[in-house]
Each structure stands twice: as structure tokens, then as C-alpha cells.
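In: give me the fold of what follows.
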Amino acid sequence: MGDALSTIEALYFGLQQQVGMISLATTTQAEKDRFMTQYVAARTAYWACINKMFHDDDPQVATLTRQLKDATTQVSKAEAEMGNISKVIDNITQAVTIAAQLSTFAAG
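Out: Below is the predicted model of the structure:
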């Protein structure tokens with residue numbers, strides 16, 4: 001598995017493991033909806049890449065993969081603190097946006 005796909009997979013599987021905890025931490029329906037929208041978008045990005053290939057030597061793929069790794073690190077830090085669920089969802093949104101951009105480079 002290439003670096004780009006494994007990074008998207010790490011984001012999606014990480015969110016999948018935390019979905020219960022994050023859902024419990026949300027205090028409003030709007031927060032729950034916002035999180036679930038991002039969770040579904042992460043799943044969509046992941047499944048868009050399965051059985052496809054990235055050209056990891058493509059500069060845009062490499063840049064987006066680095067950005068996604070950094071964003072996923074921020075998600076993990078925010079989840080560990082979980083004090084500000086809005087910040088957690090903001091970090092997830094940033095990571096999922098990058099994952100969606102990166103998934104467009106998957107060639108089937």
C-alpha cells in the first residue's frame with residue numbers, strides 16, 4: 001500500500017475508532033451532524049481510493065500526503081484533549097478536506 005492510501009486509511013480508521021467517544025462529547029445536534037458529515041466524507045475518500053493506485057512521486061500527491069499527515073496528527077492531539085469538541089471537529093474537517101483532495105489523484 002502506498003503512502004497516500006495508508007495516510008487516508010489511517011485517518012478513516014482513526015475516526016472509526018473514535019466515533020463513539022466523539023459523538024458522546026458533542027453537546028448539540030449541530031455538532032453531532034457536523035462530525036458525522038466529516039466521518040462520512042472520510043469514509044467516502046477512503047473507499048474512493050481502495051483498489052486504485054496513487055503516483056506517490058507526483059509532487060501534488062506528495063504535498064497533500066504530507067499535509068494530511070500533519071492534519072491527522074492535529075486530530076489525534078485534539079482528540080486526546082477532547083476539551084473543546086468544536087476544535088476537534090474543526091481539525092477533523094481540515095484533515096477530511098485534504099483527504100478528499102488527495103483521493104482525486106487515485107487512478108484506477
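In: the nearest residue to Ala107 once chain neighbours are set aside: neighbour count?
Out: In space, and not counting its chain neighbours, Ala107 is closest to Met53: 5.4 Å by C-beta to C-beta, 6 or more residues apart in numbering. No exception for glycine: its C-beta is placed from N, CA and C like everyone else's. Per other C-beta atoms under 10 Å, the neighbour tally for Met53 reads 13.
In: tell me which residues touch Met53, please.
Out: For Met53, the contacting residues are Gly2, Ala106, Ala107, Gly108, by C-beta atoms under 8 Å, 6 or more residues apart in numbering.
In: tell me which of those residues is nearest to Ala48?
Out: When the contacts of Met53 are compared for distance to Ala48 (C-beta to C-beta), Ala106 comes out closest, at 6.2 Å.
In: surely the closest one meets Lys52?
Out: Yes. Judged on C-beta atoms under 8 Å, Ala106 makes contact with Lys52 at a distance of 3.9 Å.
In: which of the two has more neighbours?
Out: Ala106 (20 against 13).
In: thinking again about what came up before, among the contacts of Met53, name the ones in helices.
Out: Secondary structure from DSSP state H places none of the contacts of Met53 in helices.
In: list buried residues within these.
Out: If you count burial by 16 or more other C-beta atoms under 10 Å, the buried members of those come out as Gly2, Ala106.
In: quick one: stretch 85-100 to chain centroid distance?
Out: Going by C-alpha atoms, centre = their mean, to the nearest Å, the spacing between the C-alpha centre of stretch 85-100 and its chain's C-alpha centre is 7 Å.
In: please name the nearest non-neighbouring residue to Ser76.
Out: The shortest distance from Ser76 to any residue other than its chain neighbours is 6.9 Å, reached at Gly14 (C-beta to C-beta, 6+ apart).
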